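Chemist: any chance you can model this:
(one chain, ligands or ions: 2)
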Amino acid sequence: MKMFTEVVSKALAKSLKLEEDCFLNQFGERAALQARFNYYLCCTTPELVLGLKSHADGTGYTVILQDDVEGLQIHKDEHWFTVPTISDALLVLMGDQMEIMTNGVFKAPVHRVVTNSERERISVAMFYTPEPNKEIGPEEGLINEERPKLFKKVKDYGDIHWEYYQQEKEALHVAKV
Ligand SMILES: O=C(O)CCC(=O)C(=O)O
Ligand SMILES: [Fe+2]
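Modeler: Ligands and ions are numbered 1, 2, ... in the order given. Coordinates of the predicted model:
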């Protein structure tokens, strides 16, 4: 997985015409990679019960492996879109900290998981987060007259995000200029 995050972080940097190690440098040598196994039971009233409430991740980015049962949905333009399941594919979902590092070019999508009455669902989410105590902030190359600096430097943003998540609040405004 470490190798995977290196490849992805470099590709993301190159796609924005930035120096390829810039995000890896922000994540730091001791960047954290934590896995969570999610098990969603069948639910007889899926219209009433969510598997996971709506949120944006506090990570740098999250790598998700889904089984063949749909359930993950992304919020865009006031609609929920179901993410298709593709066998053996890894889904890379931007987290708030990539939104900060890219000065808002990449957005951390709000997402949720719905339940279904016929099949249980399992997913593995790997949370890739900058190393503890390391300051991260917008890449200089993504700040200009048209796109002024949108975010301040922050550290341990994952902890701040968790506090807000518990209270059902979004945390990103804390990092806004
Ligand atoms: O189960 C999924 O597909 C997504 C899980 C998720 O969003 C999370 O664990 O933060
Ligand atoms: Fe998530």
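Chemist: which parts of this protein are helices?
Modeler: 2-15, 22-27, 96-101, 157-166 (DSSP state H).
Chemist: now these in TSV, with distance to residue 86?
Modeler: No exception for glycine: its C-beta is placed from N, CA and C like everyone else's. Shown next, in TSV, are the helices of the chain (distance: least, CB to CB, whole Å):
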stretch	distance to residue 86
helix 2-15	16
helix 22-27	25
helix 96-101	22
helix 157-166	28
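Chemist: can you list the residues of this structure near ligand 1?
Modeler: Taking CB under 6 Å from any ligand atom as the criterion, the chain approaches ligand 1 at residues 36, 38, 52, 57, 64, 66, 72, 111, 113, 123, 125.
Chemist: would you confirm that residue 143 contacts residue 104?
Modeler: No: assessed by CB atoms under 8 Å, residue 143 is found out of contact with residue 104, at 10.2 Å.
Chemist: what residue is smack in the middle of the chain?
Modeler: residue 95 (2.6 Å; CA atoms, centre = their mean).
Chemist: please report how far that one lies from residue 109.
Modeler: 10 Å (CB to CB, to the nearest Å).
Chemist: give me the common contacts of the two.
Modeler: residue 56 (CB atoms under 8 Å, 6 or more residues apart in numbering).
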